[in-house]
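Peer 1: What would the 3D arrangement of this be:
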Amino acid sequence: QVQLAESGGGLVQAGDSLNLSCKSSARAFDAYSMAWFRQRPGEEREFVALISGGGDITYYSEAVEGRFTISRDNAQNTAYLQMRRLALGDTAVYFCAASEGPPYTNAYKYTYWGQGTQVTVSS
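Peer 2: Model (predicted):
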């Protein structure tokens, strides 16, 4: 069983930056593809970004491309999401997810999920 713990959420103003972290309990962290999803109230979970186990493949949703950066430190068992130029539409609960094998944009492909961290962007 892999446990994931997100941190770094908070309340920021539009245009600000925020960095999220996702600590994994997995022994072989580099065997897991990682992704970030977000969910607004009343909406389905939305793909944000993914990264392969070795970190050589990354992919972003159109909504965050050019503003968010996903990365990972396999020695620290941690994945990151650097968020810049935050907008009101980025307000959501952000979840990290892990999957053994290739990375996917589909949430159903991910076996392990964190509890989520709230990101609120104010005007």
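
Peer 1: C-alpha only now, for contacts and for neighbours.
Peer 2: Fine.

Peer 1: quick one, strands of this protein?
Peer 2: With DSSP state E as the criterion, the chain has strands at 4-7, 10-13, 18-24, 32-39, 46-51, 58-60, 68-73, 78-83, 92-100, 112-113, 117-122.

Peer 1: what's the closest of those to residue 106?
Peer 2: Smallest distance to residue 106 across the strands of the chain (Cα to Cα): 7.2 Å, for strand 46-51.

Peer 1: Give me the packing partners of that closest one, helices and strands only.
Peer 2: In terms of contacts (3 or more Cα pairs under 8 Å, 6 or more residues apart in numbering; DSSP states H and E), strand 46-51 is packed against strand 32-39, strand 58-60, strand 68-73.

Peer 1: Can I get the longest one in CSV? Just the C-alpha atoms.
Peer 2: Same thing as strand 32-39. The C-alpha atoms that make up strand 32-39 are tabulated as CSV, following Å, rounded to 0.1, in the frame of the first residue of the first chain:
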residue,chain,number,x,y,z
TYR,A,32,5.5,5.0,-10.1
SER,A,33,4.3,7.6,-12.6
MET,A,34,2.9,10.6,-10.7
ALA,A,35,0.2,13.1,-11.6
TRP,A,36,-1.7,16.0,-10.2
PHE,A,37,-5.4,16.4,-10.5
ARG,A,38,-7.7,19.0,-9.2
GLN,A,39,-11.4,19.1,-8.3
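
Peer 1: Going by neighbour count, list what's buried in it.
Peer 2: Across strand 32-39, burial judged by 16 or more other Cα atoms under 10 Å covers 32, 33, 34, 35, 36, 37, 38, 39.

Peer 1: Turn the residues you listed into a markdown table, columns for pLDDT.
Peer 2: Shown next, in a markdown table, are those (pLDDT from 0 to 100):
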| residue | pLDDT |
| --- | --- |
| 32 | 97 |
| 33 | 98 |
| 34 | 98 |
| 35 | 98 |
| 36 | 98 |
| 37 | 98 |
| 38 | 98 |
| 39 | 98 |
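
Peer 1: Nearest to residue 67, out of these: which one, please.
Peer 2: Residue 67 lies nearest to residue 36 out of these, by Cα to Cα, at 14.1 Å.

Peer 1: All set now, cheers.
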